[in-house]
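[1] What shape does this take:
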Amino acid sequence: MTNAYEIAHKTSLQDPETFWGEAAKDIAWVKPADKVLDDSAAPLYRWFVGGELNTCYNAVDRHVEAGRGEQTAIIYDSPITGAKRKISYAELQDQVARFAGVLAGQGVTKGDRVIVYMPMIPEALVAMLACARLGAIHSVVFGGFAPHELATRIDDAKPTALVCASCGLEPGRVVRYKPNIDAAIDYASHKVGSVVVFQREQEKADLIPGRDVDWAEAVAKAEPHPCVTVAATDPLYILYTSGTTGQPKGVVRDNGGHAVALRWTMTNLYNVQPGDVYWAASDVGWVVGHSYICYAPLLTGCTTVVFEGKPVGTPDAGTFWRVIEEYKVKLLFTAPTAFRAIRREDPNGEFLKKYDRSSLQSLFLAGERSDPETLKWAEEHLQVPVVDHWWQTETGWAICGNPLGLTQFPVKHGSPTKAMPGWDVQVVDEGRHQVEPGQIGSLVCKLPLPPGTLPTLWNAEARYISSYLEEFPGYYKTGDAGFIDDEGYIYVMTRTDDVINVAGHRLSTGAMEEVLAKHPDVAECAVIGVADDLKGQTPLGFVCLKMGVTRSEDDIRKELVKLVRDEIGPVAAFKQAVIVKRLPKTRSGKILRGTMQKIADNQDFKMPATIDDPDILPEIEEALEGIGLAKKRTDAAL
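    Model (predicted):
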């Protein structure tokens, strides 16, 4: 029997113009598109050509006009400061319109760029929406990024203005933002006209006369600015992602396709409706924050939660459950690393028992591969569907998922389920030939990609083509490796860079991590390939133990080696596991396997700009020295 998913997926691939043209009816257009899909410049495609709209109007104003102005648009909760606030759609409309007036007063007009450097506070969303209101292009940079990294983005985007907060907050410390802004502007070749500063009470920043503008003072004087009509193909934002050359890649998102795709996903993938409370526990600096803290929930008329805290430590491993109870959250979307942290601190789920979670209907995980053991733990303790879904900064929304609003499929642990409508996902070998079900290869997506995905890179179309379209002509290269089973379930095992070659055998480090995570004492793990004169590479495991484990580490290491040999076989050549207190990660939760590999192989490396805590790297180095792999580096080298 054909289900709703199968109908949607088939239609989206065979007749994408009809499929997405129908989805576009949920968006308010100033002028409908002349052509839903323009393929005249393939492999470069454009969606909703000739259409005109304003994204901010769709996310804010139209809900007020529809009589829902009193509904809560944003819930702000900061366990770090104790602050809590609710902002209605009517209040949000006023704040955004006035801040758009502030930016216009600083010379920002349609097509200009504005860099936003903010922590997780509602004003970050206000700044993004104000840019969209003006037809300006925002580029959000994660608050706390180092000055040099911020300067490279200033020089690439060439912003008219910067918007920042005086500081960000981490448990136990204040992160001063303004000195980073000042240093970055000094480093950059491009000269920034003005900096609008939101002063937080925890740290007041010194303002430079003639350049810096106080947010509150400027808003108090500003006139509300109306929505500016833009073309569907005009950029809404630039989001920089790391590039292999060291030069960040500016992923471009358009206005029209972005609005259509995100609105569609809320109903069909996440199964939420206008008025529901939707919580993406991420950060506005990452793509999840753009898509599912700011735009998708507001385009749908949901209430979105802006949370300034951590899954553990603010104050404990029950903070997520407290927020769900307090605000009647229907859906939680977070990173697997957050749940691994909760599981490590509270393996028996004691904190879960203290809160009413009856409002929660589903948990979605993304950002890094979800290991089966963490998924099983979440299923057991939450008793709701737990959905692993796979997407990238470049795609803007899920390539694969379990579409709860269409057809809920049985979960297969380790798989983000099936290709979403709009996505034709295939697995190919090094010769670009499709492989048999179950065989690992490169995951690629047949062009055209659906609406909401990147149409290009900022001022770098040739780089866009070479990075994503050249290696597999007619396809988008995801850079991930995996396989598809005989039921169409997709398994994303690892980045193609993390497929290691052991004596001629191509092995997935992700598969080994899956095995290590099954050990009852393991809270979190990572596997890298290290250089070996005889075999080319050999795998090395890093594991963090659960709280309260007192068994012999030597016994645990032996058990881990045996587990991998038993489940994957001697071919894996897995002989070493290192026990560490914590793993180096980006601020979005991705484990920095490449950096760990360079340390193990004694290669020079650049401190990753996105690293959450640089102090972890010397700990990794020390652990590797203990097994004879890394040489001691000076602090300057790190």
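[2] When you work out contacts or count neighbours from here on, use the C-alpha atoms and nothing else.
    Will do.
[3] contacting residues for Ile87?
    Neighbour list for Ile87: 72-75 [criterion: Cα atoms under 8 Å, 6 or more residues apart in numbering].
[4] and those residues as TSV, adding pLDDT, neighbour count and secondary structure?
    Output for the contacts of Ile87, formatted as TSV (pLDDT from 0 to 100; neighbours: other Cα atoms under 10 Å; DSSP: H, G, I helix; E, B strand; the rest coil):
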residue	pLDDT	neighbour count	secondary structure
Thr72	98	20	strand
Ala73	98	27	strand
Ile74	98	26	strand
Ile75	98	21	strand
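[5] Could you export the residues you listed as CSV, including distance to Gln392?
    Formatted as CSV, the contacts of Ile87 follow (distance: Cα to Cα, whole Å):
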residue, distance to Gln392
Thr72, 29
Ala73, 26
Ile74, 25
Ile75, 26
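[6] and which of those is nearest to Tyr5?
    Closest approach between those and Tyr5, by Cα to Cα: Ala73, at 30.1 Å.
[7] in stretch 216-231, what counts as buried?
    Buried residues in stretch 216-231, counted by 16 or more other Cα atoms under 10 Å: 218-219, 222-231.
[8] Equivalent analysis for stretch 531-542, please.
    Neighbour counts using 16+ other Cα under 10 Å place 531, 537-542 of stretch 531-542 among the buried residues.
[9] for the stretch 351-500 of the chain, what spans make up the strands?
    362-365, 386-388, 400-401, 418-419, 425-428, 441-446, 475-484, 490-495, 499-502 (DSSP state E, counting those that start in this stretch).
[10] Please work out which helix or strand belonging to this protein has the smallest mean pLDDT.
    strand 505-508 (a mean of 63; mean pLDDT, DSSP states H and E).
[11] and the next helix or strand after that strand, what does it pack onto?
    Heading C-terminal from strand 505-508, the first helix or strand you meet, by DSSP states H and E, is helix 509-516. Counting contacts by 3 or more Cα pairs under 8 Å, 6 or more residues apart in numbering; DSSP states H and E, helix 509-516 is packed against strand 490-495, strand 522-532, helix 553-567.
[12] Which of those sits closest to Glu379?
    strand 522-532 (16.3 Å).
[13] gap between that closest one and the chain center?
    Remark: strand 522-532 is offset 23 Å from the chain centroid, using Cα atoms, centre = their mean, to the nearest Å.
[14] and Ala259, what does it touch?
    So Ala259 contacts 27, 55, 295-296, 299, 452 (Cα under 8 Å, 6+ apart).
[15] 6 Å instead, please
    With contact set as Cα atoms under 6 Å, 6 or more residues apart in numbering, Ala259 has no partners.
[16] ok, now how distant is it from Asn54?
    Distance from Ala259 to Asn54, counting by Cα to Cα, to the nearest Å: 9 Å.
[17] Equivalent analysis for Val323, please.
    Distance of Val323 to Asn54, given as Cα to Cα: 32 Å.
[18] For those two, indicate the residue with more neighbours.
    Using other Cα atoms under 10 Å as the criterion, Val323 and Asn54 rank with Asn54 on top: 25 against 18.
[19] and the residue nearest to that one when sequence neighbours are not counted, backbone torsions?
    By the measure of Cα to Cα, 6 or more residues apart in numbering, the closest residue to Asn54 outside its immediate chain neighbours is Thr229, 5.3 Å from it. Backbone dihedrals for Thr229, given as degrees, to the nearest 10, come out at phi -70, psi 130.
[20] helices or strands up against the longest helix along the chain?
    Ranked by number of residues, the top helix in the chain under DSSP state H is helix 89-105. Judged by 3 or more Cα pairs under 6 Å, 6 or more residues apart in numbering; DSSP states H and E, the packing partners of helix 89-105 are helix 122-134.
[21] can we see that at 7 Å?
    Helices and strands touching helix 89-105, by 3 or more Cα pairs under 7 Å, 6 or more residues apart in numbering; DSSP states H and E, are helix 122-134, helix 215-221.
[22] Make TSV out of those and add mean pLDDT and distance to Leu583.
    Listed next are the helices and strands packed on helix 89-105 as TSV, based on pLDDT from 0 to 100; distance: least, Cα to Cα, whole Å:
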stretch	mean pLDDT	distance to Leu583
helix 122-134	98	29
helix 215-221	98	38
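[23] and among these, the most buried is which?
    Stretch with highest mean neighbour count among the helices and strands packed on helix 89-105: helix 122-134 (a mean of 26; mean count of other Cα atoms under 10 Å).
[24] Which other helices and strands does the helix or strand following that one contact?
    Where DSSP H and E defines the elements, the next helix or strand beyond helix 122-134 is strand 137-140. Strand 137-140 sits against strand 113-117, helix 122-134, strand 235-241, with contacts defined as 3+ Cα pairs under 7 Å, 6+ apart.
[25] Just give me how far the next helix or strand after strand 137-140 sits from the chain centre.
    Counting by DSSP H and E, the next helix or strand C-terminal to strand 137-140 is helix 147-157. From the chain centre to the centre of helix 147-157 is a distance of 20 Å (Cα atoms, centre = their mean).
[26] Please apply the same query to stretch 202-219.
    The answer for stretch 202-219 is 30 Å, by Cα atoms, centre = their mean.
[27] ok, and for that stretch, which residues are buried?
    Those would be 203, 205, 207, 212-213, 215, 218-219, for stretch 202-219 by 16+ other Cα under 10 Å.
[28] now the end-to-end length of it.
    Note: stretch 202-219 ends 21 Å apart using Cα to Cα.
[29] List the contacts of that stretch.
    Contacts to stretch 202-219, defined as Cα atoms under 7 Å, 6 or more residues apart in numbering, come from residues 98-99, 102, 166-167, 178, 193-199.
[30] do that again at 6 Å, thanks
    Applying Cα under 6 Å, 6+ apart, the contact partners of stretch 202-219 are 98-99, 166, 194-198.
[31] ditto for stretch 248-256
    By Cα under 6 Å, 6+ apart, stretch 248-256 touches 232-243, 454, 456-458.
[32] average pLDDT across it?
    The pLDDT scores in stretch 248-256 average 95.
[33] Any idea how far that stretch is from the middle of the chain?
    In terms of Cα atoms, centre = their mean, the centre of stretch 248-256 is set 14 Å apart from its chain centre.
[34] on that earlier part again, got the strands of the stretch 351-500 of the chain as TSV, with mean neighbour count, mean pLDDT and distance to Tyr89 columns?
    Shown next, in TSV, are the strands of the stretch 351-500 of the chain (neighbours: other Cα atoms under 10 Å; pLDDT from 0 to 100; distance: least, Cα to Cα, whole Å):
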stretch	mean neighbour count	mean pLDDT	distance to Tyr89
strand 362-365	22	97	25
strand 386-388	26	95	30
strand 400-401	26	97	30
strand 418-419	24	98	34
strand 425-428	21	96	38
strand 441-446	23	95	38
strand 475-484	21	93	37
strand 490-495	24	82	39
strand 499-502	21	66	47
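[35] Out of the ones you listed, flag the one nearest Gly275.
    For those, the distance to Gly275 is smallest for strand 362-365, at 16.2 Å, taking Cα to Cα.
[36] From the contact count, pick out the helices and strands touching the closest one.
    By 3+ Cα pairs under 6 Å, 6+ apart, strand 362-365 packs against strand 331-334, strand 386-388.
[37] I'd like to know which of the strands of the stretch 351-500 of the chain is closest to Thr337.
    That would be strand 362-365 among the strands of the stretch 351-500 of the chain, by Cα to Cα, at 9.2 Å.
[38] ok, back up a step: quick one: which of the contacts of stretch 202-219 is the most crowded by neighbours?
    Within the contacts of stretch 202-219, Phe99 tops the neighbour count with 29 neighbours, counted by other Cα under 10 Å.
[39] List the contacts of Ser189.
    Ser189 touches nothing, counting by Cα under 6 Å, 6+ apart.
[40] Since that was my last question, I'll sign off now.
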